[in-house]
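Student: I would like to see how this sequence folds:
(one chain, ligands or ions: 1)
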Amino acid sequence: MSNDTNVDGPPEDATEVAPEAEQPQEEQPQEHPGERSLEDDPEDDRSENVDERGESADDDDPADDDPSTDESPDDDIETVEDLGSEVDVDPGVEIDDEHAADDLLGGLKIDSTDDIEVPDRLVDQVIGQDEARDIIIKAAKQRRHVMMIGSPGTGKSMLAKAMSQLLPQEDLQDVLVYHNPDDGNAPKVRTVPAGKGEQIIDAHKEEARKRNQMRSILMWIIIAIIIGYTIISPASILLGIIAAGIIWLIFRYTSRGTDAMVPNMIVDNGDQRQAPFEDATGAHAGALLGDVRHDPFQSGGMETPSHDRVEPGSIHKSNKGVLFVDEINTLDIRTQQKLMTAIQEGEFSITGQSERSSGAMVQTEPVPCDFVMIAAGNLDAMENMHPALRNRVKGYGYEVYMDDTIEDTPEMRRKYARFIAQEVERDGRLPHFERDAVEELILEAKRRAGRKNHLTLHFRSLGGLVRVAGDIARAEDREHTTRDDVLQAKQRSRSIEQQLADDYIERRKDYELQVTKDGVEGRVNGLAVMGEDSGIMLPVMAEIAPAQGGGQVIATGKLQEMAEESVQNVSAIIKKFSDVDLSEKDIHIQFVQAGQQGVDGDSASITVATAVISALEDIPVDQSVAMTGSLSVRGDVLPVGGVTHKIEAAAKAGCDKVIIPAANEQDVMIEDEYDEMVEIIPCSNISEVLEVALKGEPKKDSLVDRLKSITGSALDSSAVGSTSGSNPSPQ
Ligand SMILES: Nc1ncnc2c1ncn2[C@@H]1O[C@H](COP(=O)(O)OP(=O)(O)OP(=O)(O)O)[C@@H](O)[C@H]1O
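Tutor: As a prediction, the model looks like this:
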């Protein structure tokens, strides 16, 4: 690309026309976050870029240039606090402050979500994620890259879109590609202010039209003369027809040449009302970096000029805007390297991506791609990202981890009510939600958080529930969505994992594998979570046999590592409280009907421990009990995730009692129907677990009897030491 972004006409000798529309443009300094080599010190580069951009005096403070320095005295960047009034529900909605704390809607006095005003700016619609919002606002001002890591559906792409609304619109440019008469395979590239591109194209087209019109007139005059001549002299009629044909072909051919001089506008920001936002998630190289189409007629006058075959990539379309790449690690390494070059240079030539295509012979002048990149993904995305690319983002921007839950406060509940209004408005067809429907959804947000006094920030799935509930009301032509619709929607919008889990329970019933009140040695009902929100009951069986060689842990299925870990934890307790020598035993563990998914070693460790102790001591386990919890080497039951879903799974499977870690008691948010079906028994240590799970009295001085001396939990500071100090010696 020419450094000169002035367009006093198309590039010299690129075409012979100079439409009036092409006025000189002030040279635009390149504003891209990275302009130097990878080896350069990012700190230096950061401050230098700001200088180059000639930002105002208040930006001269070096602290401003350091993304790690969040505040500076003269920092005029909007923070979440600055935006406080804008991000809360519109003050027009009355709030009952007195009862706000006890009200599910945080004191919001509304009949339906109709009454709630939705803010215009996307950034003000974002709920929770205060740190990420703060960073997006700052990064938009400073034009920094951002890496957002976190669970799906928590607002990463929403924040990226919000950032594009915050970027200045005045900087936008159109990009034109011109034919290069000196080298047909090296099209020229020019940038003009947004909107001007269309004028240039129109001017070129008008010019071409006029030329073609003149040519046509000339052609028809010549043809008319020839026809006139042949009429006068019929003997040469054949000659006349041939001559007319040749002239027609010559004119047609030359007019194609005139059309070919019209530039190709590859980036058109004429209609943009905000900086561009390009989602390049899962894009292949061509879509990301640009491409040149193949031309089957490569010569002979039928060919399409190379500049007309140039296609921009997302990196070019997002020039002066935001390039959002989710799961960035899925881009192959070469593409990641090229992306890095683009970030570094702020411009990137377009060439054909397929080696076998004629497009591969074409390479344009560099095309501007001065975007702000928002890279997103989960933790894996970060691990598998090209290290140099990650450094680039880190060196010239921010990294932020998205929250999964947020504290449940009256203000937050009001925002959740606003979230429903936002989703209804976004969809455009859903009926607004009645007050008690909103309450039910807020309760669901609390349930899904799986954490006491918190609300889930997994908004995509919550939004799904809003849409299904709204669709139910819409199908019945109702004006508002009711609580019943939300309850029905919860049934209908079961995830695949939930459907699988329910199917699994049904099948167990077919085979009469229901829960019984019998006692079975070495068999314990474990609990696991599938996907995000489905619990499943998976029995664990243990069998102890004399060792053949050194004692070992043998697990069936793919869960060997997990079984070993759980047995190692319980073996520490067994060693301490009994004289059983585990090195003389083989411990066989079977996770009945479990795949790899859903069972994580930690949360099954009290299940494995109970199964092993039961098998070792020949004491049966009550089959109407299910359990989840992680076991410490000192016998404490430690908290695990997904207790609510696990309890519901145990209830559905027909269990009477569920053992959960005492520390998880506060996280339980089960639905009323399940509450009546199972008794929840919080336990702090293995002794309490065995007390509930084992049937019958242990023999005096047996392992189970000795384990009774464990009291309290190491988690409870008052009980620290109680698991060790008072323990009797196994001897
Ligand atoms: N923090 C939030 N505040 C308000 N709405 C949200 C929030 N997060 C997500 N949403 C809603 O959920 C939808 C999906 O969110 P988004 O696409 O931003 O998630 P994501 O984190 O990018 O997920 P993924 O990684 O799967 O793409 C949004 O369009 C919006 O309607």
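
Student: CA atoms for contacts and neighbours, from now on please.
Tutor: Will do.

Student: helices or strands up against the one helix or strand residue 227 maps to?
Tutor: Here residue 227 sits within helix 196-232, counting by DSSP states H and E. Helix 196-232 is packed against strand 173-178, helix 237-260, strand 264-267, with contacts defined by 3 or more CA pairs under 8 Å, 6 or more residues apart in numbering; DSSP states H and E.

Student: Sheet-wise, list the partners of the last one with their directions.
Tutor: The reference is to strand 264-267. The pairing partners recorded for strand 264-267 under DSSP bridges are strand 173-178 (antiparallel).

Student: Export the partner strand to PDB, keeping only CA atoms.
Tutor: The C-alpha trace of strand 173-178 is given here as PDB (Å, rounded to 0.1, in the frame of the first residue of the first chain):
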ATOM      1  CA  GLN A 173     -11.700   4.200   6.100                       C
ATOM      2  CA  ASP A 174     -12.800   2.600   2.800                       C
ATOM      3  CA  VAL A 175     -10.200   0.500   1.000                       C
ATOM      4  CA  LEU A 176     -10.000   0.400  -2.800                       C
ATOM      5  CA  VAL A 177      -7.900  -2.000  -4.900                       C
ATOM      6  CA  TYR A 178      -6.800  -0.700  -8.400                       C
END
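
Student: and the angle from the helix holding residue 227 to strand 173-178?
Tutor: 30 degrees (axes from the mean of the first three to the mean of the last three CA atoms, to 10 degrees).

Student: In contact with whichever residue of the stretch 201-350 of the chain sits closest to the ligand: list those residues for me.
Tutor: Nearest residue of the stretch 201-350 of the chain to the ligand, counting by CA to the nearest ligand atom: residue 326, 6.3 Å away. Residue 326 sits next to 279-282, 375-377 when contact means CA atoms under 8 Å, 6 or more residues apart in numbering.

Student: what do you get if the cut-off is 7 Å, keeping everything else the same?
Tutor: 281, 375-377 (CA atoms under 7 Å, 6 or more residues apart in numbering).

Student: separation between it and residue 155?
Tutor: Relative to residue 155, residue 326 is positioned 12 Å away (CA to CA, to the nearest Å).

Student: Please apply the same query to residue 361.
Tutor: Residue 361 is 42 Å from residue 155, where distance means CA to CA.

Student: More neighbours: those two, which one.
Tutor: More crowded of residue 361 and residue 155, by other CA atoms under 10 Å: residue 155, with 24 against 18.

Student: mind checking the backbone torsions on the more buried one?
Tutor: phi 110, psi 20 (degrees, to the nearest 10).

Student: do the same with residue 391
Tutor: Backbone torsions of residue 391, given as degrees, to the nearest 10, read phi -60, psi -40.

Student: Would you state the predicted confidence (pLDDT) at it?
Tutor: We have a pLDDT of 85 for residue 391.

Student: same check, this time on residue 226
Tutor: Residue 226 is assigned a predicted lDDT (pLDDT) of 75.

Student: tell me the contacts of residue 361?
Tutor: So residue 361 contacts residue 185 (CA under 7 Å, 6+ apart).

Student: The ligand versus that one, what's the distance?
Tutor: Distance, residue 361 to the ligand, using CA to the nearest ligand atom, to the nearest Å: 36 Å.

Student: So that residue versus residue 177, what's the distance?
Tutor: Using CA to CA, residue 361 is found at 16 Å from residue 177.

Student: who in the stretch 301-450 of the chain is up against the ligand?
Tutor: 377, 419 (CA under 6 Å from any ligand atom).

Student: Do a quick rundown of the strands in the stretch 301-450 of the chain.
Tutor: Here the stretch 301-450 of the chain has its strands, by DSSP state E, counting those that start in this stretch, at 310-311, 322-326, 347-348, 367-368, 372-377, 397-401, 405-407, 432-433.

Student: Can you report phi and psi for residue 521?
Tutor: The phi/psi pair for residue 521 (degrees, to the nearest 10) is phi -70, psi 140.

Student: Quick check: it touching residue 616?
Tutor: No. Checked against CA atoms under 7 Å, the pair residue 521 and residue 616 is beyond contact range at 9.0 Å.

Student: Looking at these two, which has the bigger crowd around it?
Tutor: Ranked by neighbour count (other CA under 10 Å), residue 521 and residue 616 place residue 521 first, with 24 against 21.

Student: In space, what's closest to that one - neighbours in sequence excluded?
Tutor: Distances taken as CA to CA, 6 or more residues apart in numbering put residue 620 closest to residue 521, at 3.9 Å, once the chain neighbours are dropped.

Student: where's residue 503 relative to the ligand, distance?
Tutor: For residue 503, the distance to the ligand equals 26 Å [CA to the nearest ligand atom].

Student: tell me the contacts of that residue?
Tutor: Neighbour list for residue 503: empty [criterion: CA under 7 Å, 6+ apart].

Student: Could you look up the SS state of it?
Tutor: Under the three-state scheme (DSSP: H, G, I helix; E, B strand; the rest coil), residue 503 adopts helix.

Student: pLDDT below threshold where in the stretch 101-250 of the chain?
Tutor: Applying pLDDT under 70 to the stretch 101-250 of the chain flags the ranges 234.

Student: interface residues of it facing the ligand?
Tutor: 125-129, 152-158.

Student: any chance of the residues you listed in JSON lines, plus secondary structure?
Tutor: As requested, those are exported to JSON lines (three-state DSSP):
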{"residue": "125", "secondary structure": "helix"}
{"residue": "126", "secondary structure": "coil"}
{"residue": "127", "secondary structure": "coil"}
{"residue": "128", "secondary structure": "coil"}
{"residue": "129", "secondary structure": "coil"}
{"residue": "152", "secondary structure": "coil"}
{"residue": "153", "secondary structure": "coil"}
{"residue": "154", "secondary structure": "coil"}
{"residue": "155", "secondary structure": "coil"}
{"residue": "156", "secondary structure": "helix"}
{"residue": "157", "secondary structure": "helix"}
{"residue": "158", "secondary structure": "helix"}
